[in-house]
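# I would like to see how this sequence folds:
(4 chains, ligands or ions: 4)
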Amino acid sequence: MPAADSTDTVDTIEDPVSTEVRTTTYAKAVAAALRTAMHADERVFMAGEDIGIYGGAFGVTDGLLQEFGEERIRDTPISEDAIVGMAVGAAITGTRPIVEMQFSDFVVNAMDPLVNQAAKLYFMYGGNVEVPMVLRLPGGGGTGAAAQHSQSLEAWFAHVPGLKVVAPSTVQDAHDLLLAALVDPNPVVVVEHKLLYKQEGALTPRATPEDSPAVIGEAAVVREGTDLTVVGYSLNTHKALDAAEELAAEGIDVEVVDLRTLRPLDTETVIESVCRTGKLLVTHEAPTAVGVGAEVVAAVAGSRAFDHLLAPIVRVCGRENPMPYAPALEAATIPQTADLVAAMRALAAEDV
Amino acid sequence: MPAADSTDTVDTIEDPVSTEVRTTTYAKAVAAALRTAMHADERVFMAGEDIGIYGGAFGVTDGLLQEFGEERIRDTPISEDAIVGMAVGAAITGTRPIVEMQFSDFVVNAMDPLVNQAAKLYFMYGGNVEVPMVLRLPGGGGTGAAAQHSQSLEAWFAHVPGLKVVAPSTVQDAHDLLLAALVDPNPVVVVEHKLLYKQEGALTPRATPEDSPAVIGEAAVVREGTDLTVVGYSLNTHKALDAAEELAAEGIDVEVVDLRTLRPLDTETVIESVCRTGKLLVTHEAPTAVGVGAEVVAAVAGSRAFDHLLAPIVRVCGRENPMPYAPALEAATIPQTADLVAAMRALAAEDV
Amino acid sequence: MPRHDPTEPSGALEALTTMWTIRRFEEALEDLYSRGMLHGTNHLSIGQEAVAVGACGALEDGDFITSTHRGHGHSIAHGADPEPMFAELLGRETGYCGGRGGSMHIADVGSGNLGANGIVAGSMTLAVGAALSQRLLGSSAVVLCFFGDGAANEGSFHEALNLAAVWELPVVFLCENNQYGMSMASDLSTAGGSVAGRGAAYGLEGVRLDGNDVIAVAEGVATAAAAAREGRGPALLEAITYRYRGHSKSDRNLYRTQDEIEEWRTERDPIARFEARLLEEGRLDREAIDGARQTARERIRDAVKAAVQAPEPTVDVLEEAVYARR
Amino acid sequence: MPRHDPTEPSGALEALTTMWTIRRFEEALEDLYSRGMLHGTNHLSIGQEAVAVGACGALEDGDFITSTHRGHGHSIAHGADPEPMFAELLGRETGYCGGRGGSMHIADVGSGNLGANGIVAGSMTLAVGAALSQRLLGSSAVVLCFFGDGAANEGSFHEALNLAAVWELPVVFLCENNQYGMSMASDLSTAGGSVAGRGAAYGLEGVRLDGNDVIAVAEGVATAAAAAREGRGPALLEAITYRYRGHSKSDRNLYRTQDEIEEWRTERDPIARFEARLLEEGRLDREAIDGARQTARERIRDAVKAAVQAPEPTVDVLEEAVYARR
Ligand SMILES: Cc1ncc(C[n+]2csc(CCOP(=O)(O)OP(=O)(O)O)c2C)c(N)n1
Ligand SMILES: Cc1ncc(C[n+]2csc(CCOP(=O)(O)OP(=O)(O)O)c2C)c(N)n1
Ligand SMILES: [Mg+2]
Ligand SMILES: [Mg+2]
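Ligands and ions are numbered 1, 2, ... in the order given. The predicted structure follows:
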């Protein structure tokens, strides 16, 4: 079984900013975006724990130190508050910091600079300063890392005015949304699920950050269907797609919406879809209560889609307990594809 | 206009743990509960910034230092992380700490001890340790204290398995729920809206913490009605009641549910009510997106109440911006009674 | 070269005028408050003017400051215009923050004032980042980071000093030790008994200054800033001073004696001391000194007059106020 | 009185046996891992055994420890049974945490082990609270707080030391300086160059110890614990040591040389050094020493054997696992 902080994916570096279409991993797509941004804009730099010679706990930044040197790939002491606070200070004075939090769980130590400073400065200072910074948060469970190294904390950030939050699920989106984040003049939190890093997919790399077609705040219908709408993001988009595939064999036709951005939320795409299908299921790995899924449900239940709803809205999200260590308990805490299949089948069968 | 940290309510101390029924303020009802607990249980102590001779930023602890001495009323350095972490360590070793966070906004500096430690230790340690601590968080806006001193962050805590969260709206509940929190073997976050401190109401003080009839996790129908259900908590329960009163004159009959506890949420009481009225409006001061209100909506939209819903569910919550300083902007950010009246009237009028 | 040298007549005049401007500014706030024109809360630095003025005067144009909740003095000393400051405190559209920030968030990023901060020690890590930017952008600017004695017990203090030190960044950390957090005496909250003494933990010298002597502050900061500018890394300074007013409006001053306040006010007032010294050393005459006070008074009077007439912001600004656009 | 004195034969035998137990325990983990029987990650302290054993041996029964992500050694040295430790790492119902915690959360609160912690410096503030409890409850127990050199740059380190010092609480803060955070050399991350040197910031002496000398560690901790027990407040100790293995499984050891590792392993191994000294000073003979190693091996072998047979927890435990009941 893989270690929580496995670095099997070590040869991250590819052709200098090659734009050749290729199949690669999510981690490499992230790294390619970082390199593109670093090459395109001298003001971009990175900071984080063990992102240099170690290559980052998950190998994402492997090779970047060699390519860009110590001034721009900055290994830091174990000081999350200072790392993020430093990034805020750097962002408001003309540079463009990218911070890697080693595990998303450690952002608890940096909530002041993120929430009280980064998210609010533009507003509090009357629009007289921009805070163009990116905070990458590797999160999620399934690696046997237990309660303090497996959290999905995105609901907190999606609740904070002033922050933007993206949670790409595909190799291409990981690349494009990160580039979009890097040219955004606001603080952007990038939620990366650790289990996605080795996921493979097609990548059309962009030559410059500006070439990214991604728009923060746009969801995508990643599978069209007529019987019900399933909304997910990050890893759970894949679980939803897998479940939809399985149900297709049973003649159940599922539409899957990948949120991609969690703040601002593209409620319109979800509402549109529900107006067509009349049924909604939302899934994520974070605990159910007061999660992003609750917001999706509330947005729909308060919209014109309400009149099209044919059944109660279902959530298949994380169990209400901290992440356990033992594999069986961990698996039971995280919504699995089989759970989705069962819930989707039941929802499709609801009498209308 | 009152200062953000006004201490006009200075004479907090009353008869030693008198159980005489009386009219008093929310702040004094909190203080009375603290005193009752301190008298009843030697293991109870308090820690926080300026809670001693200063009496706390809002005067809640005024006089307690004189009554209980420096060992049990502990003024601390300005070190939120250490204050809460210390409380966790004290709680797992046989004492019962109560921490006052000076403003709820500063809890950003204590998210690790609260979320990674307090909330998870019982679970992670296999049930071999209890974490009986109480964290009081004065929050909310309306005092002209701007973006870093006006937040309502309860959604974060309501999302965390292992924490309990209460948000009393009345003088009696402030007293009773705090006592219930003080005998709970789990970490309990108490959300107190600053504007409630001077609110007056009837109090039946309890002689001992065990005498409190409050049960964490129970909502209350605080006004019965048939036309629509309004769900609120803390200060917004009062706004909802005021609005309901106004609409009663127009013949609109509103049921108001006061959540009182935000985790675990008493969804059953809300569902029951909505089954009867068929319409739901949820209100709080925190920003709308991914707030506790979203969870209330999602719980109803996923329940048997779905079949009884006659109209889309409405949220009247905080605007999606940091709290502004200028009075007009602040007032526009916070849902006012007038906003509730308008939204409730519109919802009542929805064609069914 | 420092912006003004308080040991030279012209610099002394400027320093004195600025100190008076700060004092009059805050007295005007008290007046506005008592007349019910000011809402929210604010924190006055009356008695501490020598720190702000000595320190900011020792900077060069283009240098940055980060400030605190008690930041009016820092802003004015760094060149902020009192009128938009009043406007901000009055919640007006013409305020530095368009009325969105208030006392604790006054900033003037264009002039290098990275802002007050409502979070104790909240700006200390920001200062480190601003200093890193300077290095990355090839600028020789330094960052002056004001913080309080109470802030020295926050984790951010520790992380900021350590990071600035290991990266050898041009930050001058200047503790305004006014001897109290809110109600807690610094002696009781600060183990080891001295903020400057904590410098050694980061390989920094740590220097205590008489914070009520504008010249001592100016010299201390000038020396530290010059070293930082030359690439010799951060500095930690501690200026001993005192605040006459309560922590904020709600303060009943129960944690200290009236005598203590009176002693500082009468024996060590930074403005009175500076004036006496200037006269004694013959660097400014009585007329010049009176002129400084007069200039400050007029500046503040005019600023208040203009600010109270400014319009309040309208709610429609909120829509576009949260996110910057590309 | 300390639990065992490694300068006496019986104490020495116990210390040696415990050091071997820790080493064999972690070697067994490596074995289980390579056989695919262990999931998740874990952090081995091989090479650092003298710190855990010297320190915990110097405590008295009833004293507390708080530990870190690299905590197996601390647990065993404080008296934990290897069998439920293995069971925990294997995710079994009979583990210290019922399989819910894993390596980073092993705790045995009943015996005073307040737990490993997955958050760097996360247990430092907890240690302060545990010490305060002792005072409030009238106990004379002290709290030994293990932390790493990397942890000394977290804000929690600063806040915990300051709070313990101003409240004069009985905490012995013991830094296990194994010279690296994860990949970052302590020299590069820690301004001022020494963790012990940071004690002065809090009015504490700050003592460096040879962390590969179990007697030196025992003496240092015994002295500090005795002072703390007498009400003379906290202490800051720094034990210099080294970890042979990578930070965790994914570590490619790119940040240090193989030579450096070899040098520590061959020249300064804490077990080999202790054995040599015991023989040299005639405190234990070869037979006793071989016996210690043998005892440890058997203990670990039996523990693994029992643990692998323990049942896995079933999902129904989760329902009641989150909140304690009154
Ligand atoms: C993180 C945080 N904790 C607490 C407060 C409340 N508070 C505001 S100012 C203050 C005292 C600060 O003392 P010091 O740093 O010495 O500055 P001074 O007020 O003396 O200028 C406190 C406790 C805050 N604003 N932020
Ligand atoms: C708050 C926090 N930040 C980062 C990490 C990731 N991490 C785990 S151990 C470690 C290195 C810790 O170094 P040190 O304190 O010296 O202990 P050592 O590993 O050397 O025993 C890091 C960075 C973490 N677990 N918690
Ligand atoms: Mg102070
Ligand atoms: Mg280390």
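
# what about the helix or strand residue A:155 falls within and chain B, any contact?
Assigned by DSSP states H and E, residue A:155 belongs to helix A:154-158. Yes - using CB under 8 Å from any CB of the partner chain, helix A:154-158 reaches chain B at A:155-156, A:158. For glycine as for every other residue, the C-beta is placed from the backbone atoms N, C-alpha and C.

# Between those, which sits nearest chain D?
Distances from chain D to these, taken as CB to the nearest CB, are shortest for residue A:156 (16.9 Å).

# Count the residues that sit near that closest one.
28 (other CB atoms under 10 Å in any protein chain shown).

# Ok, the one 3 residues further on next?
Neighbours of residue A:159 under the rule other CB under 10 Å: 28.

# Is the nearest residue to it once chain neighbours are set aside in a helix, a strand, or coil?
Computed as CB to CB, 6 or more residues apart in numbering or on different chains, the closest residue to residue A:159 that is not its neighbour in sequence is residue B:290, at 4.1 Å. Classification of residue B:290 by DSSP: H, G, I helix; E, B strand; the rest coil places it in coil.

# likewise residue C:227?
helix.

# Which residue ranges of the stretch 51-200 of chain C form helices?
Assigned by DSSP state H, counting those that start in this stretch, the helices in the stretch 51-200 of chain C fall at C:72-77, C:82-89, C:124-136, C:155-166, C:186-189.

# Any idea how far the helix holding residue A:155 is from the middle of the chain?
The chain centre lies 11 Å from the centre of helix A:154-158; the measure is CA atoms, centre = their mean, to the nearest Å.

# so who does residue 159 touch?
The chain I'm using is chain A. If you count contacts by CB atoms under 8 Å, 6 or more residues apart in numbering or on different chains, residue A:159 has them with B:155-156, B:286-287, B:289-291.

# ah, no, chain C please
Residues in contact with residue C:159 (CB under 8 Å, 6+ apart) are A:77, A:79, A:81-82, A:85, C:125, D:153-155, D:158.

# Compile those residues into a markdown table and extend it with columns for distance to ligand 1, neighbour count and pLDDT.
Below are these laid out as a markdown table (distance: CB to the nearest ligand atom, whole Å; neighbours: other CB atoms under 10 Å in any protein chain shown; pLDDT from 0 to 100):
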| residue | distance to ligand 1 | neighbour count | pLDDT |
| --- | --- | --- | --- |
| A:77 | 21 | 25 | 98 |
| A:79 | 17 | 31 | 98 |
| A:81 | 11 | 31 | 98 |
| A:82 | 15 | 34 | 98 |
| A:85 | 12 | 30 | 98 |
| C:125 | 12 | 34 | 98 |
| D:153 | 20 | 28 | 98 |
| D:154 | 17 | 31 | 98 |
| D:155 | 11 | 30 | 98 |
| D:158 | 14 | 31 | 98 |
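
# so what's the backbone phi/psi at residue A:258?
As for residue A:258, its main-chain torsions (degrees, to the nearest 10) stand at phi -100, psi 120.

# Residue 211: neighbouring residues, count only.
Since you didn't name a chain, this refers to chain A. Neighbour number of residue A:211 under other CB under 10 Å is 14.

# Switch to chain C, please.
The tally of other residues near residue C:211 (other CB under 10 Å) stands at 30.

# How about the one 4 residues further on?
One way to gauge burial is a neighbour count; for residue C:215, by other CB under 10 Å, it gives 21.

# Can you give me the separation between it and residue C:273?
10 Å (CB to CB, to the nearest Å).

# Tell me how far the most centrally placed residue in chain C lies from residue C:298.
Closest residue to the average C-alpha location of chain C: residue C:74 at 2.7 Å, with CA atoms, centre = their mean. To residue C:298, residue C:74 is 22 Å away according to CB to CB.

# again with residue A:18
66 Å.

# Now do the phi/psi pair for the residue nearest to residue A:159.
In terms of degrees, to the nearest 10, the main-chain angles of residue B:290 are phi 50, psi 40.

# sorry, back to before: show me the one of the helices of the stretch 51-200 of chain C that comes nearest residue B:262.
Closest of those to residue B:262 is helix C:155-166, at 28.1 Å (criterion: CB to CB).

# what is the orientation angle of that closest one with helix D:124-137?
Interaxial angle, helix C:155-166 versus helix D:124-137 (axes from the mean of the first three to the mean of the last three CA atoms, to 10 degrees): 140 degrees.

# Contact partners for the residue of chain A at minimum distance from ligand 1?
Distances between chain A and ligand 1 by CB to the nearest ligand atom are smallest at residue A:112, namely 7.1 Å. Residues near residue A:112 by CB under 8 Å, 6+ apart: A:81, A:85, B:108-109, C:119, C:122, C:156.

# which non-adjacent residue is nearest it?
Per CB to CB, 6+ apart, closest to residue A:112 is residue B:108, 4.4 Å.

# Please name the residues that touch that neighbour.
Counted by CB under 8 Å, 6+ apart, residue B:108 has contacts A:111-112, A:115-116, C:119.

# for residue A:336, same thing?
Neighbours of residue A:336 in contact, by CB under 8 Å, 6+ apart: residue A:239.

# picking that back up, what two of the contacts of residue A:159 are the furthest from one another?
B:156 and B:289 (12.9 Å).

# Output the below-cut-off pLDDT ranges for the chain.
Reading this off chain A. Scanning chain A for pLDDT under 70 picks out the ranges A:1-16, A:352.

# wrong chain, I was asking about chain C
Chain C contains no residues with pLDDT under 70.

# Near ligand 3, which residues of it are found?
Chain C comes close to ligand 3 at residues C:148-150, C:178, as judged by CB under 5 Å from the ion.

# Quick check: the two most widely separated of those?
Within the residues of chain C next to ligand 3, two members stand farthest from each other by CB to CB: C:150 and C:178, at 9.2 Å.

# Neighbour count for these two, which is higher?
Between residue C:150 and residue C:178, residue C:150 has the larger neighbour count (other CB under 10 Å), namely 27 against 24.

# just to revisit the earlier point, out of the contacts of residue A:159, which comes closest to chain C?
residue B:287 (10.4 Å).

# Spit out the contact partners of that closest one.
So residue B:287 contacts A:159-161, B:317-321 (CB under 8 Å, 6+ apart).

# Could you tell me how many residues sit around the nearest residue to it once chain neighbours are set aside?
The shortest distance from residue B:287 to any non-neighbouring residue, by CB to CB, 6+ apart, is to residue B:318 (4.5 Å). Using other CB under 10 Å, the number of residues around residue B:318 comes to 25.

# coming back round to it: most neighbours of all the contacts of residue B:108, which one?
Counting neighbours by other CB under 10 Å, residue A:112 leads the contacts of residue B:108 with 31 neighbours.

# Contacts only, for residue C:87.
Neighbour list for residue C:87: C:93-96, C:99, C:306-307, C:310 [criterion: CB under 8 Å, 6+ apart].

# And for residue A:322?
Counting by CB under 8 Å, 6+ apart, residue A:322 touches A:147, B:119-120, B:123-124, B:161-162, D:322.

# just the strands in the stretch 101-250 of chain A please.
A:134-139, A:164-166, A:188-193, A:200-203, A:220-223, A:228-232 (DSSP state E, counting those that start in this stretch).

# Which residue, other than its chain neighbours, is closest to the closest residue to chain A within the stretch 151-300 of chain C?
The stretch 151-300 of chain C approaches chain A most closely through residue C:159 (3.5 Å), counting by CB to the nearest CB. Nearest non-adjacent residue to residue C:159, counting by CB to CB, 6+ apart: residue A:82, 3.5 Å away.

# So which residues on the stretch 51-200 of chain C come close to chain B?
Contacts of the stretch 51-200 of chain C with chain B, taken as CB under 8 Å from any CB, map to C:88, C:91-92, C:97, C:99-102, C:104-105, C:117-122, C:150-151, C:153-156, C:181-184, C:188-190.
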